[in-house]
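**Q** Sharing a model prediction with you, sequence too.
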Amino acid sequence: MNDIVTSNSLGAEPSVKKFALEEYISILRYRKWLLVIPVVTLTIVTAFASLFMSNIYRAQTTILVSGGDVSGELVPSTVTNAIEDRVRTVREQILSETLLLNVIQTYELFPEMANGPTEDRIGRMRSNIKITVNGKDMFAISYTGDDPLTVQNVTNRLAQMFISETYGDRQKAATATAEFLAQQLNEIKEQLDKQEQKVAAFKREHIGALPEQMEANQRTLDRLQAQLQSLGEQMAAAEDRKVLLETQMAQVQGQLMAAGSGQIVTMQDQLEQLQAQLTQMEQTLTAEHPDVKELKSKIAKLKSDIGSDQTVDGKQYHVNSVNRMMFERLQQTTLEIRSMEKQRGSIMGQVAELTNRVSGSPAVEQELSVLERDLTKLRETYQDLQKKHMEAKQSEELESQQKGRQFKIIDEARFPEKPYSPNRPRLVALSFTLGLIIGLIAIFVAEHLDHSFRDDDDLSRFANQSVLATIPRFTLEADQIRRAGIIKIVLAVAAALGFLLTLFLILKIGFGFNPFALLKK
C-alpha cells in the first residue's frame with residue numbers, strides 16, 4: 001500500500017481494474033475521507049437546520065354517514081348521492097372563497113400575508129385542507145398549520161361547515177325533486193285528461209261499431225235477417241189473400257151492376273124523401289127528439305144499403321151492405337201489406353247499418369286500440385309519478401326534520417400535542433443515507449480517474465510479469481498537485497450535490513414544497 005509503481009514507468013496503457021472484496025475494503029480505507037466528509041457534513045447540517053424549521057401541526061376529524069332515524073324501506077330518500085360524490089360536491093362549497101375568507105378572518109390566519117393579495121391567503125388555506133374518504137360510510141377532514149390550538153379550532157369549524165352545507169344541500173335537493181315531480185305530475189294529468197276526452201269522443205262518434213259491441217251487432221243482424229225472412233213470407237201470404245179478395249170483389253161488383261141497378265135508383269129516391277122529411281122536423285124539433293133520432297137511423301141504414309163508391313190501391317169499388325164485409329177485409333189486407341212493407345224497409349235499413357258497422361269494426365278497433373294504448377301508458381306514467389311524488393314529499397319532510405341520512409362527528413379534532421412535520425429523526429436519517437450515497441459515488445469516481453498502481457499485485461496483473469523489486473513510495477510535485485485538484489473537484493461536487501439535496505429535503509419534507517412543481521408550469 002505504501003509502495004506504488006505508475007503505469008507510465010512501464011510505458012503501458014492501463015486496463016480495467018477488477019476488484020475483490022478485500023480490495024473494496026482496501027479502497028474504502030484508502031479513500032475513507034471521501035465517505036466520511038459528506039456523511040458527517042450532511043448529517044450535521046441537516047440536524048442543525050431542522051432545529052430552525054417551524055413546527056407544522058395537523059388536526060383531523062372523522063364524520064360518519066348514518067342511514068337516518070327512519071328506515072329507507074319505509075320512506076325512500078330522493079337524495080342518494082354516493083359519499084364520494086357528496087364529498088366532491090361539498091368540497092367545492094367548503095373551499096369557496098367566501099367561506100374560507102370567513103374562517104381566515106375569524107381565526108386571523110396567515111398574519112404574515114395580511115398585506116398581500118387575498119387570493120394568496122385563500123390559496124394557502126386550500127392547500128392546508130384535505131378531505132379523504134375512509135370506507136363506505138366515513139370520511140375525514142384535516143387541516144395543517146403552525147399553531148396547534150388554531151389547527152384544532154379550524155378543523156372543527158370546517159367539519160361543522162361541511163355538515164351544515166350538506167344538510168342544506170340535501171334539503172334543497174329534496175325540495176327541488178318534489179317540485180319537479182309535482183310539475184311533471186300536473187303536465188301528465190293534463191295529457192291524461194285530454195286523452196280520456198279523446199277516447200270518450202271517439203266512442204261517442206263510433207257508438208254501435210265499437211269492438212265490445214261487435215258480438216251484439218252480429219246477433220242483432222242475425223235476428224233482423226230472420227225477421228226479414230219471416231216478414232217476406234207473411235207478405236207473400238197477404239198478397240195472395242189480396243188477389244183473392246180483389247177477384248171476389250170484382251165478381252160481386254159485376255153481379256150488383258147487372259141485377260140491382262133499378263133497385264138502387266128506387267132506394268135513392270126513398271133516401272131523398274127521408275132527408276127532406278128530416279129537414280122539416282129539424283125546423284120544429286130538436287136533435288134529441290125521438291122522432292128525429294129514429295128518422296136519422298133510417299137514413300143511415302138506407303145509405304148503407306144503397307152503398308158508395310170507394311177506392312183501394314187505385315181500384316174503385318161500389319160498396320154496399322152486400323159486399324161491405326169483403327171490402328173491409330180487402331182494406332185490412334191492403335193495410336197489412338203496406339205495414340209489412342214499411343216494416344221491411346225499416347229492417348232492411350237496420351241491416352244495412354249493422355252491416356256497415358260490422359265491416360268497419362276492424363278499422364275502428366285498430367284506431368281505438370292506439371288511443372287506449374296511449375291512454376294506458378299515460379295512466380301508468382301518472383300512477384308512477386304519483387308514487388314518486390309522494391315519496392319525494394316524505395323525503396322532503398324527513399330532510400327538513402333532519403331525520404334522513406345524517407352526518408355525525410364521531411371523532412372531533414383533538415389538540416395536537418406533537419408536530420406533524422418536520423420529522424427530524426427522519427430528516428437526519430435521510431441526510432445520513434444521502435451522505436453515504438454521495439461518498440460512495442465520490443469514491444467510485446476517484447477510483448476510475450486514478451490510474452496509479454498501489455501495490456506490486458496491481459503491477460503484476462497489468463504487465464503480466466513478475467515484479468522483481470519494489471521502490472518505496474514517493475510523490476512528485478506534479479502528482480501531488482494533480483491529486484489535490486482531483487480531490488478538490490470531487491469534494492466540491494459532493495458538497496454541491498449534498499447542499500442541493502439537503503435543501504430539497506428541507507423544502508419537501510419540512511415545508512411540504514416541491515421545487516420540481518415549478519418546472520412543470
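**A** That came in fine, so what should we check first? All figures in this text were calculated on a predicted structure; none of them were measured in a lab.
**Q** Tell me how many other residues surround residue 180.
**A** By the criterion of other CB atoms under 10 Å, residue 180 has 14 neighbours. In this view, the C-beta of every residue, glycine as well, is placed from N, C-alpha and C.
**Q** ditto for residue 334
**A** The tally of other residues near residue 334 (other CB under 10 Å) stands at 18.
**Q** Look up phi and psi at residue 408.
**A** Comment: the main-chain dihedrals of residue 408 come out as phi -120, psi 140, following degrees, to the nearest 10.
**Q** Show me what it is bridged to.
**A** Using DSSP bridges, the beta-bridge partners of residue 408 come out as residue 64.
**Q** Where do the strands of this structure begin and end?
**A** Ranges of strands within the chain are 57-66, 129-133, 138-145, 308-312, 315-319, 406-411, based on DSSP state E.
**Q** Which other helices and strands does the longest one contact?
**A** Translated: strand 57-66. The elements that strand 57-66 packs onto, with contact taken as 3 or more CB pairs under 8 Å, 6 or more residues apart in numbering; DSSP states H and E, are strand 138-145, helix 148-205, strand 406-411.
**Q** go on, the last one?
**A** In this structure, strand 406-411 packs against strand 57-66, helix 148-205, with contacts taken as 3+ CB pairs under 8 Å, 6+ apart.
**Q** now the longest one against strand 129-133, angle please.
**A** Spelled out, that is helix 148-205. 50 degrees (axes from the mean of the first three to the mean of the last three CA atoms, to 10 degrees).
**Q** I'd like the mean pLDDT over helix 148-205, please.
**A** When the per-residue pLDDT values of helix 148-205 are averaged, the result is 82.
**Q** Same check on the shortest one?
**A** Throughout strand 57-66, pLDDT has a mean value of 85.
**Q** what's around residue 277, how many residues?
**A** Residue 277: 14 surrounding residues under other CB under 10 Å.
**Q** quick one, what contacts it?
**A** With CB atoms under 8 Å, 6 or more residues apart in numbering as the criterion, the residues that contact residue 277 are residue 295.
**Q** okay, now the nearest residue to residue 341 once chain neighbours are set aside: neighbour count?
**A** Of all residues beyond its chain neighbours, the one nearest residue 341 is residue 235 (7.0 Å), with distances taken as CB to CB, 6 or more residues apart in numbering. Using other CB under 10 Å, residue 235 has 17 neighbouring residues.
**Q** Touching, residue 439 and residue 41? I think so.
**A** No: the pair residue 439 and residue 41 fails to qualify as a contact (CB atoms under 8 Å) at a distance of 9.8 Å.
**Q** between those two, who's got more neighbours?
**A** residue 439 (25 against 20).
**Q** which residue sits closest to that one, ignoring its sequence neighbours?
**A** Spatially, and ignoring its direct neighbours in sequence, residue 439 is nearest to residue 35 (3.4 Å; CB to CB, 6+ apart).
**Q** Same check on residue 246?
**A** residue 330 (6.6 Å).
**Q** State the distance from the one you found to residue 444.
**A** As defined by CB to CB, to the nearest Å, residue 330 lies at a distance of 149 Å from residue 444.
**Q** Could you point out the longest helix of this structure?
**A** What stands out as the longest helix in the chain, according to DSSP state H, is helix 324-400.
**Q** Which parts of the stretch 1-150 of the chain are helices?
**A** Under the criterion DSSP state H, counting those that start in this stretch, helices of the stretch 1-150 of the chain are mapped to 21-30, 32-50, 83-94, 97-107, 118-128, 148-205.
**Q** which one of the ones you listed is the most hemmed in?
**A** Among the helices of the stretch 1-150 of the chain, judged by mean count of other CB atoms under 10 Å, the one packed with the most neighbours on average is helix 32-50 (a mean of 18).
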